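Chemist: Output the structure for:
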Amino acid sequence: MKSYPLNFGKDSMNKQKLENYNLTGSIHTLSVKSPGIVEDIQKEVSNCITANSQTKNNQPTTTSIINPNKLVGDVFAYSEFETVFNTILAGAGIKNYNIVRADMRFDNYDPEHYRAYAKLNRYLISALAVTYKVKNAYRTANLFNQQQLSVAIKNDYFECENYDRAAKSEITENKTEPAQSRLEERTTSRQWRRINEKAKPEELEIVSDWNIYALKREFTDGWFERWDNAIKNLDLVQQTYNDELEKLYNADKNSYPCRFRSMTDFILQYQDCIFTRKQLIDLFTRLGVENPIRRAKNHKQRYGIEFFSKADVQRAIDEVKRATKDFFEQ
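Modeler: Residues are numbered from 1 along each chain as shown. So this is what the prediction gives:
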């Protein structure tokens, strides 16, 4: 794993490490809904599409999951994506459709990236969660070695997940996937219904393909707005975590079998939930420490807990935006 100098006493990420938070953006998969039954899919595109048909009130419709990266390889430019996507639709005989889900991936190909930036990505996703009051928020870990596999949030309109792509590839025996770490934005069916309902007649008139136009706008305007709103609530993220950490500490401090030997043990155990010096001071205050400012300083100097400034978070969000723009502007 890359070794970065510890920032003893500092409240921001190591500069070199932050600069290496690099992402490559592209569309992962899309789901489209079309009238009728999709059948007789051409062999050339059959590996790129999975079609599911159903009939309601004698009206058959088909929902198709499309992976544009399976036609000629990974697609890293929007212009190329349009060509590939339309080729797959034509090969499946789909002429009229609406997007009902779209996933955009942000990949890194360094084997150490996921672990190095897991805490930062957790902070980003937690900010989305508290901002939009997402109740379905969870973290998964390997059963045996306890390594984190993913952090995810899901509501009726969008999802966001950071996961260990290399670990997933190993589980699925995918030997062709080059990505090692992935942050993924997903816009789901209820949001797409809202997007389509709010389409203005003048917009429909000026674009040749509303779906492709709406796709670009959702991942630039829509997701950019979510991230801009999320960064305003970093204090709420810290407060939310401290509320839960305080409960955990009080519930387990006298437990037997012992869960941790001391407050320091507890902080070390849950350090990936503590993002700033201010948050650590507040937590020490809640737990009854006499001089929480000094205790936080000593803990940082002795154990090197990683803190993030708001500028660090902004830099990470800016990288997501840059990777998005790079994809859609090519």
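
Chemist: Point to the helix or strand of the chain where mean pLDDT is at its lowest.
Modeler: For the chain, the helix or strand with the lowest mean confidence is helix 201-206, at a mean of 69 (criterion: mean pLDDT, DSSP states H and E).

Chemist: What segments of the stretch 51-200 of the chain are strands?
Modeler: With DSSP state E, counting those that start in this stretch as the definition, the stretch 51-200 of the chain shows strands at residue ranges 59-66, 98-108, 136-141, 148-154, 158-163, 181-187.

Chemist: can you tell which of the ones you listed is closest to residue 28?
Modeler: The closest approach between residue 28 and any of the strands of the stretch 51-200 of the chain, judged by Cβ to Cβ, belongs to strand 98-108 at 4.2 Å. (Each C-beta comes from the backbone N, C-alpha and C, glycine too.)

Chemist: Select, out of the strands of the stretch 51-200 of the chain, the one closest to residue 215.
Modeler: Ranking the strands of the stretch 51-200 of the chain by their distance to residue 215 (criterion: Cβ to Cβ) puts strand 98-108 first, at 5.8 Å.

Chemist: Run me through the strand neighbours of that closest one, direction for each.
Modeler: Strands adjacent to strand 98-108 in the sheet, as given by DSSP bridges, are strand 24-35 (antiparallel), strand 181-187 (antiparallel).

Chemist: what angle separates the last one from strand 148-154?
Modeler: Okay, so that is strand 181-187. Between the axes of strand 181-187 and strand 148-154, defined by axes from the mean of the first three to the mean of the last three Cα atoms, to 10 degrees, the angle is 10 degrees.

Chemist: any weak-confidence spans in the stretch 101-250 of the chain?
Modeler: Counting by pLDDT under 70, the stretch 101-250 of the chain contains low-confidence residues at 202, 204-208.

Chemist: Could you name the helices and strands sitting against whichever strand or helix holds residue 251?
Modeler: When elements are assigned from DSSP states H and E, residue 251 belongs to helix 234-252. With contacts defined as 3 or more Cβ pairs under 8 Å, 6 or more residues apart in numbering; DSSP states H and E, the secondary structure elements packing on helix 234-252 are helix 113-131, helix 263-269, helix 277-286.

Chemist: Touching it from outside, list them.
Modeler: Identification of contacts with helix 234-252 by Cβ atoms under 8 Å, 6 or more residues apart in numbering yields 123, 126-127, 130-131, 259-260, 263, 266, 270, 273-276, 278-279, 282-283, 286-287, 310, 313.

Chemist: So which bits of that helix are buried?
Modeler: Residues 234, 237, 238, 241, 242, 245, 248, 249 are the ones in helix 234-252 that count as buried (16 or more other Cβ atoms under 10 Å).

Chemist: how near is the last one to residue 286?
Modeler: Per Cβ to Cβ, to the nearest Å, residue 249 is found 8 Å from residue 286.

Chemist: repeat for the fifth one
Modeler: When distances are taken as Cβ to Cβ, residue 242 and residue 286 turn out to be 6 Å apart.

Chemist: again, but for residue 187
Modeler: 38 Å.

Chemist: Check residue 218 too.
Modeler: Relative to residue 286, residue 218 is positioned 40 Å away (Cβ to Cβ).

Chemist: Looking at the two, which has the bigger crowd around it?
Modeler: Summary of the neighbour comparison: residue 218 and residue 286, criterion other Cβ atoms under 10 Å, with residue 218 having more neighbours (20 against 15).

Chemist: Wait, the more buried one touches residue 188, no?
Modeler: No: Residue 218 is not in contact with residue 188 according to Cβ atoms under 8 Å; the separation is 11.1 Å.

Chemist: Pretty sure residue 328 sits against residue 216.
Modeler: Yes: between residue 328 and residue 216 there is a contact at 5.2 Å, judged by Cβ under 8 Å.

Chemist: Now list whatever residues contact both of those two.
Modeler: Once Cβ under 8 Å, 6+ apart is applied, the residues that residue 328 and residue 216 both contact turn out to be residue 78.

Chemist: got TSV for the buried residues of helix 234-252, with distance to residue 300 too?
Modeler: Below are those laid out as TSV (distance: Cβ to Cβ, whole Å):
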residue	distance to residue 300
234	18
237	19
238	16
241	17
242	17
245	17
248	21
249	19
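
Chemist: which one of these sits closest to residue 183?
Modeler: Within these, the smallest distance to residue 183 is 17.0 Å, found for residue 237 (Cβ to Cβ).
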